[in-house]
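Enquirer: Requesting a structural model of the entry that follows:
(2 chains)
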Amino acid sequence: MTHNFPIRKIIHVDMDAFYASVEQRDNPSLRGKPVVVGGSPSGRGVVATCSYEARKYGIHSAMPASQAIRLCPHAIFVKTRFDAYREVSKKIREIFFEYTDLVEPLSLDEAFLDVTENHKNIPSATLIAKQIKERIFEETKLTASAGVAHNKFLAKVASDIHKPNGLTLITPEKAEAFLEELDIKRFFGVGKATQKKMHAIGIKTGADLKQWTEIDLVKAFGKSGRFYYRIVRGIDNREVKPHRIRKSFGKERTFSEDIDSIEWIHNFLDELAQTIAEGMKKINAAGKTITLKVRYKDFETITRSTSISHYTNRYQEINDVVRSLLKDTEVGKRPVRLLGITLSNLNLNEKKVWEQLELSLKY
Amino acid sequence: MKFSVSSNELNKGLSAVIGAVPSKATLPILETILFECEDGKLKLTATDLEISIIEYINADIEEEGAVAIPARRLLETLRQLPNIPVFFDVDDRKNINFRTDKGTYKLVGDDADEFPEVPSLDDGTTISTTAELMHNAIHKTLFAVSSDDLRPAMMGVYFQIGTDESKFVATDGHRLVKYTNREITADNDVNFIVPDKALSLIQKTIEGDDCDLTVTEDHARFKSGNTIVITRLINEQYPNYDSVIPRDNDKFLTISKDQMLSTVKRVAIFSSTTTRQIRLQLGSDKLTIRAEDLDMSSEAKETIECEYSNDEMEIGFNAKYLGDVLSNIDDDEVTFEFSSPNRAGIVKPSEENENEDILMLVMPVMLNSYA
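Expert: Okay, the predicted model is just below:
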């Protein structure tokens, strides 16, 4: 893995109105309605997230619940269910890891991905972002917005442009022009108070901000001035820092038409096993658990897995296990729309990985 | 401008304001200290544009005036002098000549008009308290402030000054401290975030009996004794810390603070240097703390008596974070409230105090369980 590529390809993925969308997904009676997740309107709590329907009334996160109920008396208040959010979070992270190991989660519902080099060798980051969005929807029935750019700041700004369910690319050539036109409130790192102050001195867009020298910005805003000076010029060299090491390695494919030919499937899995074996060798890893995933025509999805006594990344061994797992499915009898193989229990993880947990602070 | 001052007095004044002089200044004028005369006293001012410190010292002023004097060279000279009088003479071209009975020294200063204006805070809210209470409130919270540039709101202590009580909150996402004091109050509610650097400078310079805190939209001024510290506030929304404080932790551990702290410190020596992770095993009236460093094949285990009667459980922590919160407890006994190995633990003194409460959270360290 090299880090000295001149131009990196960064994707910022951000789930749309995350907690509220999960609630609406799991409780159809909430759909299309102003939903507020967080404190109860009679208590002292604050809004954690609210649905887009609720935002129309001026409700936003971190607002006291008592104020939210005044703005929209028929808003529906629901309690947070972190276990459900974590569940979704886990799923979307698994999708990210199918593409790259360089994943930096910012919270349960957003992450930076560095896809300059990716497991699927897809040259276009926009295409990857599009696939990830589709995969997220397929797996979770939730929408995400994605931003694609050559650094983290621009990717984060981009993901916010066409929310919800947006996909925005900012090319290096267009970055400066884009930032010049951008409303100052869209700059990541410019909060409400700073925004007010910038307006007071005539800074409304990136172009206004760009007129200022570094020294004057520091005088006006303190240390953050230096940061504003750099970001309005699209300069941000922070790397995507992955928090954890890979736990599994898998690939799967959805077919354009449903398949029932067992020979065809044997051939396909054969090739897939080969791809997995090569991929594993590339990252110097081997695994003990082999999982076969099958989605039938009617979307019923099953997995079958076996753990062997030693670590392997040999094609023949993987293929043999997959063949025996296949016998425990109805493949060949029922048409299949997706097949996948995953190797987990990797030797990369033999050393215990301790993780410092974070308080889930929301603004 | 002409004045004479004892080197000790000047040294003390310069040392108080030097904290505001930036080590790498964007503007050369910031590397100076402004000398002015006010009410028969010498007024020293230093600023980095974020934080300004003003200190009044006694001096014999022969001829009034003002000048900005290069800070480091002056302070270094003063530090090398015994306690003797120093005579200053500044001419119109800002040549600064000073002499002692050891010899004469010359520096070139800057025009006082070039020195940045320090915010006046004329129309702010004022909170009158004591230096001791303010020092304590800062001391109790400052250690938990975040240093993560991406979360600027958390890079300071959140002051929630109220009419009945005031709360001081700091968190870096791994631990959180909420300190409540019922002796610090104001006529109306005011909330603001003070950057950590300003607070550590206030800690160093706060003196005397009273402390007056004045707050405006953008700035706060801490005035105590002969010292005034003015800082820009962090103009950000503070995270909703209340929502992360667990309400339903149902496992209670009460233990001697000193005993636990020394055990944590000893056992931590055997933890992995990268994770600093130690494990607490809670059993019936007994707490076992272990650590191991697989790379070095070393391990340690200590068992101490405690009060615990809930289900057995094991929970891991970063020894530094745990040590920090334990050290911050003033009581002999400390009470922990846990729920599960992946949820925040509450730490507080066993005895309630009439005028103050402290509640701390520590997030555990656990085996990564994604797969």
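
Enquirer: Name all residues that make contact with residue A:249.
Expert: A:276, A:279-280, A:283, A:285, A:287, A:342-344, A:346 (Cβ atoms under 8 Å, 6 or more residues apart in numbering or on different chains). Quick note: C-beta positions are derived from backbone N, CA and C, even for glycine.

Enquirer: buried set for the host helix or strand of residue A:309?
Expert: Taking DSSP states H and E as the definition, one finds residue A:309 inside strand A:301-312. Across strand A:301-312, burial judged by 16 or more other Cβ atoms under 10 Å in any protein chain shown covers A:304, A:311-312.

Enquirer: Tell me the one among those nearest to residue B:100.
Expert: Closest approach between those and residue B:100, by Cβ to Cβ: residue A:311, at 76.8 Å.

Enquirer: And the closest one, how close does it get to residue A:277?
Expert: Distance of residue A:311 to residue A:277, given as Cβ to Cβ, to the nearest Å: 13 Å.

Enquirer: Repeat that for residue B:31.
Expert: Residue B:31 is 63 Å from residue A:277, by Cβ to Cβ.

Enquirer: now swap in residue B:142 and tell me
Expert: Computed with Cβ to Cβ, the distance linking residue B:142 and residue A:277 is 54 Å.

Enquirer: same thing with residue A:339?
Expert: 16 Å.

Enquirer: go on, residue B:345?
Expert: For residue B:345, the distance to residue A:277 equals 45 Å [Cβ to Cβ].

Enquirer: Equivalent analysis for residue A:169, please.
Expert: From residue A:169 over to residue A:277 (counting by Cβ to Cβ), the distance is 34 Å.

Enquirer: out of these two, which sits in the more crowded spot?
Expert: Between residue A:169 and residue A:277, counting by other Cβ atoms under 10 Å in any protein chain shown, residue A:277 is the more crowded of the two (21 against 18).

Enquirer: Would you check how far apart that one and residue A:287 are?
Expert: For residue A:277, the distance to residue A:287 - Cβ to Cβ - is 11 Å.

Enquirer: list residues touching both of these two?
Expert: With contacts defined as Cβ under 8 Å, 6+ apart, the residues shared by residue A:277 and residue A:287 are residue A:313.

Enquirer: contacting residues for residue 357?
Expert: No chain was given, so I picked chain A. B:174, B:342, B:363-366.

Enquirer: hmm, I had chain B in mind actually
Expert: By Cβ under 8 Å, 6+ apart, residue B:357 lies in contact with B:178-180, B:348.

Enquirer: got the contact list for the closest residue to chain B within chain A?
Expert: Among the residues of chain A, residue A:193 lies closest to chain B, at 3.4 Å counting by Cβ to the nearest Cβ. Counting by Cβ under 8 Å, 6+ apart, residue A:193 makes contact with B:235-236.

Enquirer: How is it assigned, secondary-structure-wise?
Expert: When classified by DSSP: H, G, I helix; E, B strand; the rest coil, residue A:193 comes out as helix.

Enquirer: cool, the one 10 residues further on as well?
Expert: Local secondary structure at residue A:203 is given as coil here, using three-state DSSP.

Enquirer: State the helix or strand in which residue B:137 lies.
Expert: Taking DSSP H and E as the definition, one finds residue B:137 inside helix B:131-141.

Enquirer: Now do that helix: everything it contacts.
Expert: B:157, B:166, B:168-170, B:177, B:179, B:181, B:183-184, B:199, B:202-203, B:206-211, B:213, B:222, B:224-225, B:328, B:358.

Enquirer: can I get the buried residues of strand A:301-312 in a markdown table with pLDDT and distance to chain B?
Expert: Output for the buried residues of strand A:301-312, formatted as a markdown table (pLDDT from 0 to 100; distance: Cβ to the nearest Cβ, whole Å):
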| residue | pLDDT | distance to chain B |
| --- | --- | --- |
| A:304 | 92 | 17 |
| A:311 | 79 | 15 |
| A:312 | 84 | 18 |
